[in-house]
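Chemist: with the input below, show me the fold.
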Amino acid sequence: MLPVLVVIGTGLLLLVKKDVAWVQPPQAVGTGLPPAVSFEQVLEAARSVPEAGVGSWADVERMDVRVKDGLIKVVSRGRWEVQVCASTGAVLGSAYRRSDLIESLHDGTWFHANAKYLVMLPSGLVLLGLWLTGVYLWVLPVLARQQRATRYTGTTPP
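Modeler: As a prediction, the model looks like this:
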C-alpha cells in the first residue's frame, strides 16, 4: 500500500507542478529576442545567485534553453533553478526546484536505483490488475441483467 500511496501523492503533485510555485518555480519570460549570450555569461549569471551554489560547470546539473521564450534555465546540483534571459544574460528569477525530487520519489529511484523495477513496477501491475478485476466485477451484473431481459422478452434492451 505504501508504494501506491507514494505514487498517487507524488503523481498529484506532478500534475500541478506548473501551477504550484512550491513544486516548480514559475517560468519567467525573456525579451523574446534570439539568444545572444555565451555559455560563460550564463555561468556568470548563475554564479551571481548565492543560493544556487554554482561556482563552476561542475555545479550545474543541466541547462534548459527555451528559444521561443528567450529563456535559459540553469539547474544546479543542489536543485536550485536560475532563469537567465537568453538575449541579455540578466537573471530573471531563481528558486528551489522540488519537481525533480518529487519525480524521483514517484518512480522510486530516490530510494534505490532498482526500486522502480523491484517495488514500483510490481505495485503498478498489482494496481492495474485490481482495476481490471474491478471493471470486470462492475460490468458482470450489467451483462447479467441484459441477458435476463433478453431471455424474458426476446429483445435486447436499449
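
Chemist: for the regular element (helix or strand) spanning Val139, buried residues please.
Modeler: Secondary structure assignment for Val139, by DSSP states H and E: helix 121-153. For helix 121-153, the neighbour count (16 or more other C-beta atoms under 10 Å) marks Ser123 as buried. (C-beta placed from N, C-alpha, C; glycine too.)

Chemist: how about stretch 44-58?
Modeler: In stretch 44-58, counting by 16+ other C-beta under 10 Å, buried: 45-47, 49, 52, 54.

Chemist: same question, stretch 100-116
Modeler: 102, 105-106, 108, 110-111, 115-116.

Chemist: repeat that for stretch 19-29.
Modeler: Result for stretch 19-29 [16+ other C-beta under 10 Å]: buried residues 23-25, 27-28.

Chemist: which parts of the chain are helices?
Modeler: 2-15, 39-47, 99-107, 115, 121-153 (DSSP state H).

Chemist: distance to Ala58 and mean pLDDT for the ones you listed - can I get that in JSON lines?
Modeler: Putting the helices of the chain into JSON lines (distance: least, C-beta to C-beta, whole Å; pLDDT from 0 to 100) gives the following:
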{"stretch": "helix 2-15", "distance to Ala58": "29", "mean pLDDT": "86"}
{"stretch": "helix 39-47", "distance to Ala58": "11", "mean pLDDT": "95"}
{"stretch": "helix 99-107", "distance to Ala58": "18", "mean pLDDT": "89"}
{"stretch": "helix 115", "distance to Ala58": "27", "mean pLDDT": "86"}
{"stretch": "helix 121-153", "distance to Ala58": "33", "mean pLDDT": "87"}
